[in-house]
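Peer 1: turn this into a structure:
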Amino acid sequence: MMDIEFNKNEDVNKQLVADLKNRFKKVQEGGGEKNAAKQKEKGKMLARERIANLIDPQSNFIEIGVFAADKMYEEHGGCPSAGVIAGIGYVSGKQCMIVANDATVKAGAWFPMTAKKNLRAQEICIENKLPIIYLVDSAGVYLPMQDEIFPDKEHFGRIFRNNAVMSSMGILQIAAIMGSCVAGGAYLPIMSDEAMIVDGTGSVFLAGSYLVKSAIGEDIDNESLGGATMHCEISGVTDYKHENDAACLKAIRNIFSKTADYTKAGFNRVAAKAPAKDPKEIYGILPDNREKPYDMLEIIHRLVDESDFEQYKEKYGQTIICGLGRIDGWAVGIVANQRTVVKSKKGEMQFGGVIYSDSADKAARFIMNCNQKKIPLVFLQDVTGFMVGSRSEQGGIIKDGAKMVNAVANSVVPKFTIVIGNSYGAGNYAMCGKAYDPRLIYAWPSAKIAVMGGSQAAKVLLQIQSATLKAKGELVTPEVEAALLKKITDSYTAQTTPYYAAARMWVDGVIDPLETRKVISMGIEAANHAAIEKAFNVGIIQT
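Peer 2: As a prediction, the model looks like this:
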């Protein structure tokens, strides 16, 4: 496969992955060396150190929302990773969600995106009945932005509502108070099944000593008010007291080592086998820009075990590839956009990356079949949308597209979405975008997510802005139009990057393509915790 085009693609994609790794390294610094040193002086581990000491050695860990809040809140000094680390890992051999406040970022205070990230972590646990561990070290709500985090349905209070719901579902919740735990935030660990606290650094109270003094005139220090000794020996609010972070984390591992195994949903798995075709060749196959065609089958063959993939309706509806394979041993149904130009059943040429009536019909039927057989679905997105024009409208593209959207929306098997390239318009929805509840959704560095492509959108926006200027009597010269077009294009393009999406939690993260198998495998393992209890029914559109 070594040719000039392959080498060019490889260089571009490896540069994108290098940029991803550099961005991740920067995010890992949290609030910076100075703030990290202050935490160390108190005898505390940093958030990432706590997670590293908690999970099983050499085990996998996939982060959720590592780029959350990226380039947001800069007027407030920034909030790397939304001030909290979250991800799926293994503790004493058991898979679980771990959420750890990063006290180096504004003392672990909650920004709006902090709440959204915590809610996403809890959502994953609720969907998959996955145990969760909270490593609490937070100063509470970031007061300058309280109006954006406190009162609404999906704000701070939803966290504690979810604590209660998860408890009623029998989802294990363990909390460790390893630093401050203030005001409304005090409910999170205490609404967990078990709460432990670190002596000397952990504290939990509804109001700190300064507020107590202001409110009722009582003079008291924080340790006496809500420290480990008081809560373990007098109030009984916490269950265990530990001398330091290491002892606390060891106790959590001990609890998990004695926890019973879960009842499995029973998704089919055999011994995992590596792809026969080298996954690293993905870098050379994926084009250096989003307009060029390529064969999505070549990508699939580098993701599935032994590169063995059985296509469904291979010669019908060819702009969507459907078929069965295995990823890390798990049986999966794959729905992927084909990016090559193909011929339809009528001999007409069809554009790659576009969903036509026949491909929508095929995908809908395949999704139904996977639900019938209880096979998890994997969506590989590189889609520019549904086909438009009189021929498509007369052919019923809206009806066929609705069938596919209906099947995706009502699917009861776990769904996992990887945004490889374009993810535009209704194509995003039909291919299981965030609004359609994928259990996990990740993007490659090559992804573009928007209502339409940058060049088309920029031209539309240019027409609107030019018309507005002309209506005001201003002269719109070619030079003015060119400057406007560049400004619009740059702004729109910045909003289509995977990092822009990841910052707002539209995707769970941006990953190296070589991490895709791990993410999907761990995602299905998580989903295997929750039996499918709802029958599949596509509703009104069934033909």
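
Peer 1: in this protein, where is pLDDT below threshold?
Peer 2: 1-2, 344-345, 347, 453-458, 540-543 (pLDDT under 70).

Peer 1: which helix runs longest in it?
Peer 2: Using DSSP state H, we find that the single longest helix of the chain is helix 4-28.

Peer 1: wait, residue 227 sits on residue 201?
Peer 2: No: applying C-beta atoms under 8 Å as the test, residue 227 and residue 201 come out as separate, 9.2 Å apart. C-betas here are computed from N, CA, C, even on glycine.

Peer 1: output the contacting helices and strands for the longest helix of the chain.
Peer 2: Judged by 3 or more C-beta pairs under 8 Å, 6 or more residues apart in numbering; DSSP states H and E, helix 4-28 is in contact with helix 282-285.

Peer 1: contacts for the helix it packs on?
Peer 2: If you take C-beta atoms under 8 Å, 6 or more residues apart in numbering as the criterion, helix 282-285 is touched by 1-2, 6-7, 9-10, 13-14, 17, 294-295, 298-299, 302, 513-514.

Peer 1: which of these are buried?
Peer 2: Buried subset of the contacts of helix 282-285 (neighbour count, 16 or more other C-beta atoms under 10 Å): 9-10, 13, 17, 294, 298-299, 302, 513.

Peer 1: which of those residues sits closest to residue 403?
Peer 2: Residue 403 lies nearest to residue 299 out of these, by C-beta to C-beta, at 25.8 Å.

Peer 1: roughly how far apart are that closest one and residue 223?
Peer 2: 57 Å (C-beta to C-beta, to the nearest Å).

Peer 1: which one of the buried ones among the contacts of helix 282-285 is nearest residue 193?
Peer 2: residue 513 (38.3 Å).

Peer 1: what about the helices in the stretch 51-200 of the chain?
Peer 2: All helices of the stretch 51-200 of the chain, identified by DSSP state H, counting those that start in this stretch, fall at 112-128, 157-168, 187-190.

Peer 1: right, and residue 310 touches residue 325 too?
Peer 2: Yes: assessed by C-beta under 8 Å, residue 310 is found in contact with residue 325 at 6.9 Å.

Peer 1: and the two? Which one has more around it.
Peer 2: residue 325 (22 against 11; other C-beta atoms under 10 Å).

Peer 1: wait, doesn't the more buried one sit right on residue 297?
Peer 2: No: using C-beta under 8 Å, residue 325 is not in contact with residue 297, being 11.1 Å away.

Peer 1: overlap in contacts, these two.
Peer 2: residue 309.

Peer 1: quick check: which element contains residue 321?
Peer 2: strand 320-327 (DSSP states H and E).

Peer 1: what's the answer for residue 441, then?
Peer 2: Residue 441 belongs to strand 440-443, assigned by DSSP H and E.

Peer 1: ok, residue 493 next?
Peer 2: helix 478-495.

Peer 1: got the buried residues for that helix?
Peer 2: Buried residues in helix 478-495, counted by 16+ other C-beta under 10 Å: 484-485, 488-489, 492-493.

Peer 1: with stretch 411-425 instead?
Peer 2: Buried, per 16+ other C-beta under 10 Å, within stretch 411-425: 411, 413-425.

Peer 1: from these, which land in helices?
Peer 2: Counted as lying in helices by DSSP H, out of the buried residues of stretch 411-425, are residue 425.

Peer 1: separation between the closest residue to residue 126 other than its chain neighbours and residue 127?
Peer 2: Sequence neighbours aside, residue 166 is the residue nearest to residue 126 in space, at 6.2 Å (criterion: C-beta to C-beta, 6 or more residues apart in numbering). Distance from residue 166 to residue 127, counting by C-beta to C-beta: 11 Å.

Peer 1: compare those two (neighbour count), which wins?
Peer 2: Using other C-beta under 10 Å as the criterion, residue 166 and residue 127 rank with residue 166 on top: 22 against 17.

Peer 1: residue 248: neighbour count?
Peer 2: So residue 248, with other C-beta under 10 Å, has 26 neighbours.

Peer 1: ok now the helix or strand harbouring it, how far from the chain's centre?
Peer 2: Secondary structure here is read from DSSP H and E; on that basis residue 248 sits in helix 245-257. From the chain centre to the centre of helix 245-257 is a distance of 27 Å (C-alpha atoms, centre = their mean, to the nearest Å).

Peer 1: list the contacts of residue 299.
Peer 2: Residue 299 makes contacts with 282, 285-286, 336, 380, 420, as judged by C-beta under 8 Å, 6+ apart.

Peer 1: does it belong to a helix, a strand or coil?
Peer 2: helix (DSSP: H, G, I helix; E, B strand; the rest coil).

Peer 1: any idea how far residue 351 is from residue 363?
Peer 2: 17 Å.

Peer 1: which of these two has more neighbours?
Peer 2: The residue with more neighbours, out of residue 351 and residue 363, is residue 363; 30 against 14, by other C-beta under 10 Å.

Peer 1: that one: what's it in contact with?
Peer 2: 317, 320, 322, 335, 355, 404, 407, 430.

Peer 1: near the residue lying closest to residue 76 once chain neighbours are set aside, how many other residues are there?
Peer 2: Closest residue to residue 76 apart from its sequence neighbours, by C-beta to C-beta, 6+ apart: residue 144 at 6.6 Å. By other C-beta under 10 Å, 13 other residues sit near residue 144.

Peer 1: what do you get for residue 394?
Peer 2: Residue 394: 8 neighbours (other C-beta under 10 Å).

Peer 1: go on, residue 223?
Peer 2: 15.

Peer 1: got it, and residue 48?
Peer 2: Neighbour tally, residue 48, other C-beta under 10 Å: 17.

Peer 1: for it, list the residues it contacts.
Peer 2: Listed by C-beta under 8 Å, 6+ apart, the contact partners of residue 48 are 28, 30, 85, 100, 102.

Peer 1: part of a strand, is it?
Peer 2: No: counting by three-state DSSP, residue 48 falls outside a strand, being helix.

Peer 1: what's the distance between it and residue 116?
Peer 2: Per C-beta to C-beta, residue 48 is found 20 Å from residue 116.

Peer 1: quick one: the strands in the stretch 351-500 of the chain?
Peer 2: Using DSSP state E, counting those that start in this stretch, the strands of the stretch 351-500 of the chain run over residues 354-355, 377-383, 385-386, 415-424, 440-443, 448-450.

Peer 1: now distance to residue 239 too, for those, in CSV please.
Peer 2: Listed next are the strands of the stretch 351-500 of the chain as CSV, based on distance: least, C-beta to C-beta, whole Å:
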stretch, distance to residue 239
strand 354-355, 54
strand 377-383, 41
strand 385-386, 54
strand 415-424, 36
strand 440-443, 32
strand 448-450, 44
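
Peer 1: between the ones you listed, which gets nearest to residue 170?
Peer 2: strand 440-443 (22.4 Å).

Peer 1: put the alpha carbons of the closest one into CSV.
Peer 2: Provided in CSV are the C-alpha atoms of strand 440-443 (Å, rounded to 0.1, in the frame of the first residue of the first chain):
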residue,chain,number,x,y,z
LEU,A,440,-19.9,6.3,24.0
ILE,A,441,-19.1,8.7,21.2
TYR,A,442,-15.5,9.5,20.3
ALA,A,443,-13.9,11.4,17.4
